[in-house]
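**Student:** I would like to see how this sequence folds:
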Amino acid sequence: SMFMFAMSAVALGVVANSADPPSIIFILSDDLGYGDYSLSTEVDPTSFRLPTPNIARLAENGVKFSRGYSMQVCAPSRCTLMTGRHLGHCTIRGNDGAYTPLLPTDVSIAKVMKRAGYRTGLAGKWGLGNFNTSGYPLAQGFDYYVGQDTQVGCHDWYPLTISNNTNSAAVLNTNNELSFSSCLGSHASCTWMNDETRLQGLEFISSSVAAKEKYFLYLSTTTPHAGFLHGSGEKPSWYDGDYPVPYEYSQEFLNETAAGWSNTQRQFAAAVWAQDKIVGAVLDHLDALGTSKKTIVFFSGDNGPDGHDLGLMDDAGVFRGKKRSLHEGGIRQTIVAHWPGMITGSFVSDRIFTFYDVLPTAADLAGLPREQWGPTDGISIKDTLLNPTTAPNSDDRYIYFEFCHYGAVNGILPQVYQDGWVQAIRWDDNATTYRTEWKAIRSNSDSGQFLLYNITDDQSESRPLIAPNLSSSDPAVARARAIIEQQMTGAHVEDKQWKSSKSYADKCCNSCFTPGGCGGPCPKFGPQPPPPQPPAEVTLEALSGLWHTESGGKYEVSVDVSTMNFTVLNRNNGVTWWSVGNGQISASLESAFLKVTGTRTDAIVGKLVMTEIHRVIDVEYVYSAPAVQIQWADIEWPHWKKQIGPLAPVYAQSD
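**Tutor:** Predicted coordinates:
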């Protein structure tokens, strides 16, 4: 607790010369929860702890901020990180950077660091404005950008093209390279986007050092966020579609099968392991260049955990909720700052450090006068970095969050506030009489939907002091409520792109493309949804490959395009009555005849029809891909289905 100690030091000895501003790197991991890396302490000691030795290296000659705060979901976290504004002021308050990009008037951290004479670079995920918009990285002050600019595009872990500065379609992979064996096998010939992000980040560091320029690098990965691979061929037995991690990382946890781990748990662990390797590559590169002492490296996840069973690793620690929640489990992080040239020893700070404190901290470290920082809701924590043992452990200020989301967001501990438009405040009340860590949540501008916690004593938000059916006569509680509700009202600035709610019936806006939000594209900003693609046509070539049934059955089909004959291999373990079949496709490509012989002989006819395969990524994003289905006439035979085109986002209209 912040009131138990101000700072602990594993080793002492702090260098006190700050004359030479450092280069600055901020590494952001996607969907890495509080308990998913070994730095965090508020985690069940009996749970499995994912080994993250390189992230742990950051705490050596560094400061861990045990009360770090991101925001609750990807784009809002990135908006606050890049602009130094809280969510009552940010341009982007939901997962919608494609339609509501950062504006020319936004003062980004890249613009600020350029004022200080720094070279600015971004490698990896952006999500705050597509190519040719005011939110694109080059329009927001970055000198160098290679990565995925679109929120939706970042779900593709093996994209065909990425953005490379002024080229919006630089080739990364080809269709011929994208097979499960070539991407996930031991001799990979395709490129995982996170490996490319690592390489581009290292190249930016090298070129900046060679030019003797100080630099700011934002290295933003898409792991361990769930992603997909537009692969072909047979999938490895361990791959279930959520985390297509390359072989060099996936092998690390394959032996956990004996411990009862699911495929998803093993692959998620491998995705975290890959993130750790990326951190290690950055630290090793700085060492090799001899610039470690001249560089400060920050690291954090961008929101709470999601996408897998949260029990095995205790991903949210003691906290309630997960990604998208305004409970602590959705917003709490251990943020670490590593600076060997200034900090000797490992320190833990209880000082609150939020994403919107990063911009003022970086500007301060660069020696930029306060009037050149631009508008910010954050504070600089430079004094903690320079003097970890003497800096204040808490500031009497409030931390503000807001979010529109319908439906409960339940982690291990369920959501207890009303859904809709929700505001949250974290406030260290440093008045001598009180000395309390307050946490408050209010739903839909309704004082009757107000929750108040003392999280000094109740980190899991399990014992509210005020709730819809609970009042308090304690004057300290009444005082806190009055101040916090006033803070909530003052913090929010209405934006027509992010409509708030005055009641539960008054629906808020959480994005411009999802049902439950505004629906349809935003009227002010492009792009419009693309026109419907022409229906995919069935070709003989497309029919070869692996077919699936709804129950998980697998059949390998090989078509001879000259004769229209085909063979089938039964790939189902335990199905013993037949193993090989032969058949023919009709000239019209509308039907198929199949004959299989085993312990008995079956001869059946099936109808070929076009259909779709649907997949949901990250709750809000629906994808579809064209597929062909064989509907066998015999009811004992399940329908076979095969994807014949890539997944593409489905743009929801107004509901």
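
**Student:** which residues touch Val568?
**Tutor:** By Cβ atoms under 8 Å, 6 or more residues apart in numbering, Val568 lies in contact with Tyr555, Glu556, Val557, Val580, Gly581, Asn582, Gly583, Leu594, Val596. The way it works is simple: take the backbone N, C-alpha and C, and place the C-beta from them, glycine included.

**Student:** Report the buried members of the residues you listed.
**Tutor:** Taking 16 or more other Cβ atoms under 10 Å as the criterion, what is buried in the contacts of Val568 is Tyr555, Val557, Gly581, Gly583, Leu594, Val596.

**Student:** Could you export those as CSV, including distance to Ala170 and secondary structure?
**Tutor:** As requested, those are exported to CSV (distance: Cβ to Cβ, whole Å; DSSP: H, G, I helix; E, B strand; the rest coil):
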residue, distance to Ala170, secondary structure
Tyr555, 38, strand
Val557, 35, strand
Gly581, 44, strand
Gly583, 43, strand
Leu594, 44, strand
Val596, 47, strand
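
**Student:** Greatest separation within those: which pair is it?
**Tutor:** Val557 and Val596 (12.5 Å; Cβ to Cβ).

**Student:** and which of the buried ones among the contacts of Val568 is nearest to Lys114?
**Tutor:** Val557 (56.5 Å).

**Student:** Check the gap between that closest one and Asn570 for me.
**Tutor:** Distance check for Val557 against Asn570: by Cβ to Cβ, to the nearest Å, it reads 11 Å.

**Student:** and the longest strand belonging to the chain, how far from the chain's centre?
**Tutor:** If you go by DSSP state E, the chain has its longest strand at strand 601-617. Its chain's C-alpha centre and that of strand 601-617 lie 34 Å apart, by Cα atoms, centre = their mean, to the nearest Å.

**Student:** Start at 34, not 1
**Tutor:** Shifting the count to begin at 34 puts that one at strand 634-650.

**Student:** Give me the helices and strands touching the helix or strand that comes right after it, please.
**Tutor:** Per DSSP states H and E, the first helix or strand lying C-terminal to strand 634-650 is strand 654-665. Other elements packing on strand 654-665 under the criterion 3 or more Cβ pairs under 8 Å, 6 or more residues apart in numbering; DSSP states H and E are strand 634-650, strand 673-676, strand 681-683.

**Student:** hey, where'd the helices end up in the stretch 184-333 of the chain?
**Tutor:** Taking DSSP state H, counting those that start in this stretch, the helices of the stretch 184-333 of the chain run over residues 213-217, 226-243, 280-283, 296-322.

**Student:** Next: the stretch 484-633 of the chain.
**Tutor:** Here the stretch 484-633 of the chain has its helices, by DSSP H, counting those that start in this stretch, at 508-524, 573-576.

**Student:** List of residues touching the longest one?
**Tutor:** For helix 508-524, contacts defined as Cβ under 8 Å, 6+ apart pick out 119, 121, 431, 433, 435, 456, 458, 460, 462, 466-467, 469, 471, 473, 475, 480, 483, 485, 498-499, 505.

**Student:** let's see it at 10 Å
**Tutor:** 119-122, 410, 430-435, 456-460, 462, 464, 466-467, 469, 471-475, 478, 480, 483, 485, 487, 498-499, 504-505, 507 (Cβ atoms under 10 Å, 6 or more residues apart in numbering).

**Student:** List the buried residues for it?
**Tutor:** In helix 508-524, counting by 16+ other Cβ under 10 Å, buried: Ala509, Val510, Ala513, Arg514, Ile516, Ile517, Glu518, Gln520, Met521, Ala524.

**Student:** what does the last one give?
**Tutor:** For helix 573-576, a neighbour-count test (16+ other Cβ under 10 Å) marks Ala575, Leu576 as buried.

**Student:** Adding distance to Leu61 and pLDDT, write the buried ones among the contacts of Val601 out as TSV.
**Tutor:** Shown next, in TSV, are the buried ones among the contacts of Val601 (distance: Cβ to Cβ, whole Å; pLDDT from 0 to 100):
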residue	distance to Leu61	pLDDT
Tyr588	42	91
Val590	43	94
Gly614	51	92
Gly616	52	93
Leu627	51	91
Val629	53	89
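
**Student:** Can you tell me which of the contacts of Val601 is nearest Asp452?
**Tutor:** Nearest member of the contacts of Val601 to Asp452, counting by Cβ to Cβ, is Tyr588, at 43.4 Å.

**Student:** give the contact list for that closest one.
**Tutor:** So Tyr588 contacts 578-582, 601-605, 614, 627, 663, 673, 675 (Cβ under 10 Å, 6+ apart).

**Student:** buried subset of those?
**Tutor:** Buried among these by 16+ other Cβ under 10 Å: Gly578, Leu579, Trp580, His581, Val601, Asn603, Gly614, Leu627, Ile663, Trp673, Lys675.

**Student:** tell me the contacts of the third one?
**Tutor:** Right, Trp580. 586-590, 601, 604, 660-663, 672-676.

**Student:** So in terms of bridging, what pairs with the closest residue to it other than its chain neighbours?
**Tutor:** Ranked by Cβ to Cβ, 6 or more residues apart in numbering and with sequence neighbours excluded, the top spatial neighbour of Trp580 is Trp673, at 4.2 Å. Note on Trp673: beta-bridge partners by DSSP bridges are Ile663.

**Student:** I'd guessed Trp673 sits against Gln662; true?
**Tutor:** Yes: the pair Trp673 / Gln662 is scored as a contact, 6.7 Å apart, by Cβ atoms under 10 Å.

**Student:** could you show me where the strands are in the stretch 434-583 of the chain, in order?
**Tutor:** Counting by DSSP state E, counting those that start in this stretch, the stretch 434-583 of the chain has these strands, from start to end: 453-462, 469-476, 483-487, 578-581.

**Student:** With the stretch 34-183 of the chain instead?
**Tutor:** Ranges of strands in the stretch 34-183 of the chain, per DSSP E, counting those that start in this stretch, are 40-42, 56-62, 95-102, 152-158, 177-181.

**Student:** The third one to strand 453-462, inter-axis angle?
**Tutor:** This means strand 95-102. Strand 95-102 runs at 130 degrees relative to strand 453-462, counting by axes from the mean of the first three to the mean of the last three Cα atoms, to 10 degrees.

**Student:** Note down every partner strand of strand 95-102 and its orientation.
**Tutor:** With DSSP bridges as the test, strand 95-102 is paired with strand 365-371 (antiparallel), strand 379-382 (parallel), strand 386-387 (parallel).

**Student:** Of those, which shows the lowest average pLDDT?
**Tutor:** Among the strands paired with strand 95-102, strand 379-382 carries the lowest mean pLDDT, at a mean of 94.

**Student:** list the contacts for the closest residue to Ala244 other than its chain neighbours?
**Tutor:** Leaving out its chain neighbours, the residue that sits closest to Ala244 by Cβ to Cβ, 6+ apart is Arg152, at 7.4 Å. Taking Cβ under 10 Å, 6+ apart, we find Arg152 in contact with 56, 143, 146, 175-177, 237, 240-241, 244, 246-250.

**Student:** Need the buried ones from these selected in PyMOL.
**Tutor:** Applying 16+ other Cβ under 10 Å to these leaves a buried subset, and the PyMOL line that selects it is:
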select buried, resi 56+143+146+175+176+177+237+241+247+248+249+250
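
**Student:** which one of the contacts of Arg152 is nearest Lys535?
**Tutor:** Out of the contacts of Arg152, the member with the shortest distance to Lys535 (by Cβ to Cβ) is Ala143, at 36.6 Å.

**Student:** Return the distance of the residue nearest to that closest one when sequence neighbours are not counted relative to Ile58.
**Tutor:** Using Cβ to Cβ, 6+ apart and skipping the chain neighbours, the partner closest in space to Ala143 is Gly174 (3.3 Å). Per Cβ to Cβ, Gly174 is found 17 Å from Ile58.

**Student:** thinking again about what came up before, which of the strands of the stretch 434-583 of the chain sits closest to Gly274?
**Tutor:** Taking Cβ to Cβ, strand 578-581 is the member of these nearest to Gly274, at 11.4 Å.
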